[in-house]
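Enquirer: sharing a sequence plus its predicted fold:
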Amino acid sequence: MTEIRRIIQKIKKFREARNWKQFHDPKNMAISIVIEAAELLEHFQWKNKKEVENHCRKAHNNIEEEVADVALYLFELADNLGIDITKAMEKKLIKNAKKYPVKKAKGKHLKYNKL
């Protein structure tokens, strides 16, 4: 069993023990991902690069929890929709490699249609 499969099983066990699957439809899961991502963003809002670096050191545990919240909801949503998240990420990396070839994209932050 992969680590991702193992954590998805733990998520499902946690959810099922609380009878929460009834609330975890795709819409609510997607909303929850965005809410948690916004909480993650709050750590960086209005800070310059130096302030972000300092805050990341000081608030590492809190940031770690927000990252985990996003991942937990994302992994559960993918599983609920029958998406193998590892395969989906691998497919997306292949697609991105074509959209952002190293020769054109290296060291640039431009969108693929601007390269």
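Expert: Ah, there it is.

Enquirer: and the helices in the protein?
Expert: 3-17, 26-42, 49-58, 60-80, 85-99, 102-105 (DSSP state H).

Enquirer: and the nearest residue to residue 99 once chain neighbours are set aside, how many neighbours?
Expert: Among residues not flanking residue 99 along the chain, residue 112 sits closest, at 4.0 Å (Cβ to Cβ, 6 or more residues apart in numbering). Backbone N, C-alpha and C define where each C-beta goes, glycine included. By other Cβ atoms under 10 Å, 12 other residues sit near residue 112.

Enquirer: repeat for residue 26
Expert: Applying other Cβ under 10 Å, I find that residue 26 has 10 neighbouring residues.

Enquirer: re earlier: contact partners for the residue nearest to residue 99?
Expert: 99-100, 105 (Cβ atoms under 8 Å, 6 or more residues apart in numbering).

Enquirer: coming back round to it: please work out which of the helices of the chain is packed deepest.
Expert: Highest mean neighbour count of the helices of the chain: helix 60-80, a mean of 16 (counted as mean count of other Cβ atoms under 10 Å).

Enquirer: pLDDT of it, averaged?
Expert: The pLDDT scores in helix 60-80 average 98.

Enquirer: got the CA positions of it in CSV?
Expert: Taking Å, rounded to 0.1, in the frame of the first residue of the first chain, the C-alpha atoms of helix 60-80 are listed here in CSV:
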residue,chain,number,x,y,z
HIS,A,60,6.1,26.6,10.8
ASN,A,61,3.8,24.4,12.8
ASN,A,62,0.7,26.5,12.0
ILE,A,63,1.6,26.6,8.4
GLU,A,64,2.2,22.9,8.4
GLU,A,65,-1.4,22.4,9.8
GLU,A,66,-2.9,24.5,7.1
VAL,A,67,-1.0,22.6,4.4
ALA,A,68,-2.3,19.4,5.9
ASP,A,69,-5.9,20.6,6.0
VAL,A,70,-5.7,21.4,2.3
ALA,A,71,-4.2,18.1,1.5
LEU,A,72,-6.6,16.1,3.6
TYR,A,73,-9.6,17.6,1.9
LEU,A,74,-8.0,17.3,-1.5
PHE,A,75,-7.1,13.6,-1.0
GLU,A,76,-10.6,12.8,0.2
LEU,A,77,-12.3,14.7,-2.6
ALA,A,78,-10.2,12.9,-5.2
ASP,A,79,-11.0,9.5,-3.6
ASN,A,80,-14.7,10.3,-3.4
